[in-house]
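# Build me a model from this:
(chains A and B, ligands or ions: 2)
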Amino acid sequence: MERAGNSLPFPRSFLVILLLLILVVVAAQVFTTRYSQHILNMFGIYVILSLGLDVALGWTGLVHLAPAAFYGMGAYASALWVLRVMPGVWYGYWISLPVVLILNAALGYLLALPALRLRGLYFAIATLGFGELVRSVLVNWVSLTGGPYGLKGIPRPYVGTFAITSTSHFLYLIFALALAVGVVLFRLSRGPSGRAWMGIREDEIAATTLGIDVNRGKAEALAVSAAISGLAGWLFAPYVSYLSPSNFTLDESIIILCMVIIGGRGTIWGPVVGAALLVLAPELLRGLAQYRLLIYGVLLCATMVVRPRGLLGRLRR
Amino acid sequence: MTKSGSCLELNGVTKSFMGVVAVNDVTFQLERGEILGLIGPNGAGKTTLFNVITKLSSPDSGTIRFQGQDITQLRPHQVNRLGIARTFQNIRLLDELSVLDNVMTAYSPRVKTTKIGCILNLPAYRTEEKTLRERAYELLEKGNLADKAGIEAGSLAYADQRRLEIARAMATGPELLLLDEPTAGMSATEAMELTEYLADLHEIGINLLIIGHDMRFIMGLCQRIVVLNYGRIIATGKPEDIQGNEEVIKAYLGGSHHATSGRA
Ligand SMILES: Nc1ncnc2c1ncn2[C@@H]1O[C@H](COP(=O)(O)OP(=O)(O)OP(=O)(O)O)[C@@H](O)[C@H]1O
Ligand SMILES: [Mg+2]
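Ligands and ions are numbered 1, 2, ... in the order given. Reported below is the predicted structural model:
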């Protein structure tokens, strides 16, 4: 972008990307224990999840309460693809990526069709129902998903003969993709799609009289959001190598929701900060682990009172 | 397309809300190149008529044609894409977006480059964005808003908000612009400036249908006026004819409220 004050011979966003890449490499050197790297990895996965939710929630104003369902679908689809569809083939995992993205986008779009007839709270309830539906499929379709016992022995991904096994390998993979998601969303947010979605959020009626197909815009936003949530699942499955329906419950959706709201809806950096805060807070307050959701609740309430638009949201009104 | 010279043609349009007939068997035409005024006492059904034309609400009966094409069954965004844009009596800006982005949003359904082009920041996309941004600035310039391009639309002064809404509507490239009380809340000077601006739009070929309470503004700008009362057309004609029309005078005096209090 050619803005005043940019005397660099390349767009400023390159500089930001470069700095973030360096930051990831440095972080991987500084945090050397498996435990601290695991925290970082979960942070990266939650960055993707909260960025994905924000497209629906923060940009388009859709109260989408089932990001964990799309996260779970991505994870299970990725695992089942590797275990059942292309077992023992090193590139199976990589082929499952477009499969997961397309599947999730399609389901996000499909969820939108009936749900968009509903406004506000009713839409939120419809997404809750969808979340519950996905969870009960994961629990009850035992022959496919292993039911409540989950899926075990999800193989590590390979690149040729090189196995991505250690937490630090995953660290690079996860953060490379988190960064990619951030860049894609940054671009979209500055472009026509982002503007249309935010227009819908600000005032549906005004948007429709500007020629914006509101239903289609919402469906697209939900599809993009679902695909990104699926990407997080695709990363999560081989990383933990064991999936259970309990990873993808309403609690999980609420946590992602808190990250977005506390960090700041409709901003790229807000969900990142929210994810950092909510991943770190329980670690810092380890003695209170069983109060995890309670801590989130308190943080959420405090944010709503002090900064209703989130930590990185602009003040005003 | 019929050969009819009309830009907009309403035929027996009726719309009622739970027993209240807000628009009752309304038939009129807006000819090409015309500035048509729509007046009437509070609650006469003017805004409802705009909502019906832009398909924000569907008429119970009657047909609406735009440049010969029947638009009665279309959805609001389709009506806009055919070339009808509007503003709102109670102003509907995208409050948290910048003034510039309010206008840019109006281009979003009409851009040629795809999401992929946007994500990859391809040259074609950048060129298009640049062109659109220049056009948006031109529109803002005409509305005296260029220096406020970066601020949130919701924090603009009232008159600025009205002008931004018109600029945004113009960004959709309309052939017909519907303005619902564009001078409401404006000072006399601001209203004068707006009159000139609208006359300029008319010069470049935009057809205008304007609701107004401010008689001097409407009489000065419009070539022809339609008067509504209790949902019905009670008079149509040149400003000077309307001024002397007894039924119109009675409607306004009987309506008791001259107030410009606004409602959606
Ligand atoms: N959505 C609605 N539901 C019920 N009644 C409505 C609705 N919209 C308008 N009305 C009624 O229809 C009638 C016409 O209202 P409308 O807003 O079109 O009048 P108006 O001519 O624009 O008046 P004003 O000059 O005050 O803006 C009024 O009696 C109003 O109460
Ligand atoms: Mg009105």
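# how many neighbours does B:Tyr252 have?
Residues lying near B:Tyr252 (other Cβ atoms under 10 Å in any protein chain shown) number 17. Any C-beta I mention is one placed from the backbone N, CA and C, and that applies to glycine too.
# which element is it on?
In the assignment (DSSP states H and E), B:Tyr252 maps to helix B:246-254.
# does that helix come close to ligand 1?
No. If you take Cβ under 6 Å from any ligand atom as the test, helix B:246-254 misses ligand 1, and the best it gets is 11.6 Å.
# packing partners for that helix?
strand B:224-229, strand B:232-237 (3 or more Cβ pairs under 8 Å, 6 or more residues apart in numbering or on different chains; DSSP states H and E).
# and the angle for it with strand B:232-237?
Angle between the axes of helix B:246-254 and strand B:232-237 is 130 degrees (criterion: axes from the mean of the first three to the mean of the last three Cα atoms, to 10 degrees).
# Give me the buried positions along helix B:246-254.
B:248, B:251-252 (16 or more other Cβ atoms under 10 Å in any protein chain shown).
# Would you mind checking the average pLDDT for that helix?
For helix B:246-254, the mean pLDDT works out to 77.
# can you list the residues that contact that helix?
Residues outside helix B:246-254 that contact it (Cβ atoms under 8 Å, 6 or more residues apart in numbering or on different chains) are B:40-41, B:227, B:229, B:234-235, B:242, B:258.
# How about chain B: which residue is closest to ligand 2?
Chain B approaches ligand 2 most closely through B:Thr47 (3.1 Å), counting by Cβ to the ion.
# about what we covered before: so the helix holding B:Tyr252 versus strand B:224-229, what angle?
Going by the same axes, to 10 degrees, helix B:246-254 is angled at 50 degrees with respect to strand B:224-229.
# so what secondary structure elements neighbour the lengthiest helix in chain A?
The longest helix of chain A (DSSP state H) is helix A:214-240. Here helix A:214-240 touches helix A:34-54, helix A:67-80, helix A:92-115, helix A:167-190, helix A:192-202, helix A:204-209, going by 3+ Cβ pairs under 8 Å, 6+ apart.
# Need the ones you listed in a markdown table (columns: mean pLDDT).
A markdown table is the format used below for these (pLDDT from 0 to 100):
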| stretch | mean pLDDT |
| --- | --- |
| helix A:34-54 | 92 |
| helix A:67-80 | 95 |
| helix A:92-115 | 91 |
| helix A:167-190 | 90 |
| helix A:192-202 | 94 |
| helix A:204-209 | 96 |
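# With distance to B:Glu128 as extra columns, can I get the ones you listed in JSON lines?
Listed next are the helices and strands packed on helix A:214-240 as JSON lines, based on distance: least, Cβ to Cβ, whole Å:
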{"stretch": "helix A:34-54", "distance to B:Glu128": "26"}
{"stretch": "helix A:67-80", "distance to B:Glu128": "32"}
{"stretch": "helix A:92-115", "distance to B:Glu128": "25"}
{"stretch": "helix A:167-190", "distance to B:Glu128": "13"}
{"stretch": "helix A:192-202", "distance to B:Glu128": "9"}
{"stretch": "helix A:204-209", "distance to B:Glu128": "20"}
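# Make sure B:Gln29 is indeed in a strand.
Yes. Under DSSP: H, G, I helix; E, B strand; the rest coil, B:Gln29 sits within a strand.
# now it: how far from ligand 1?
Distance of B:Gln29 to ligand 1, given as Cβ to the nearest ligand atom, to the nearest Å: 20 Å.
# Which residue lies nearest the spatial centre of the chain?
In the absence of a named chain, chain A is used. A:Leu49 (1.4 Å; Cα atoms, centre = their mean).
# look at chain B instead
Nearest to the mean C-alpha position of chain B, counting by Cα atoms, centre = their mean, stands B:Leu178 at 2.0 Å.
# shouldn't that residue be in contact with B:Gln89?
No. Using Cβ atoms under 8 Å, B:Leu178 is not in contact with B:Gln89; the gap is 10.9 Å.
# Identify the residue nearest the residue nearest to the centre of chain B in space, chain neighbours excluded?
Distance criterion Cβ to Cβ, 6 or more residues apart in numbering or on different chains; nearest residue to B:Leu178, sequence neighbours excluded, is B:Arg86 at 4.0 Å.
# Next: A:Leu243.
Nearest non-adjacent residue to A:Leu243, counting by Cβ to Cβ, 6+ apart: A:Leu151, 4.6 Å away.
# Same check on A:Ala69?
Spatial nearest neighbour of A:Ala69, excluding adjacent residues (Cβ to Cβ, 6+ apart): A:Val134 at 3.8 Å.
# For B:His65, what are phi and psi?
Wrong residue type there; residue B:65 is Arg, not His. Dihedral angles of B:Arg65 (phi, psi; degrees, to the nearest 10) stand at phi -120, psi 140.
# What separation do you get for it and chain A?
Going from B:Arg65 to chain A by Cβ to the nearest Cβ, to the nearest Å gives 19 Å.
# Is the residue nearest to that residue when sequence neighbours are not counted inside a helix or a strand, and which specific one?
Once flanking residues are discounted, B:Arg65 sits nearest to B:Glu9: 4.2 Å by Cβ to Cβ, 6+ apart. Assigned by DSSP H and E, B:Glu9 belongs to strand B:6-17.
# What residues sit buried inside that strand?
In terms of neighbour count (16+ other Cβ under 10 Å), strand B:6-17 has its buried residues at B:6-11, B:13-16.
# and those, which two are the farthest apart?
B:Cys7 and B:Ser16 (26.6 Å; Cβ to Cβ).
# top helix in chain B by residue count?
When chain B is scanned for its longest helix (criterion: DSSP H), the result is helix B:123-142.
# If I take the helix or strand just after that helix and helix B:123-142, what angle do their directions form?
Helices and strands here follow DSSP H and E; after helix B:123-142, the next one along the chain is helix B:158-171. Interaxial angle of helix B:158-171 relative to helix B:123-142 (the same axes, to 10 degrees): 140 degrees.
# so how far is helix B:158-171 off the chain centroid?
Helix B:158-171 sits 11 Å away from the centroid of its parent chain (Cα atoms, centre = their mean, to the nearest Å).
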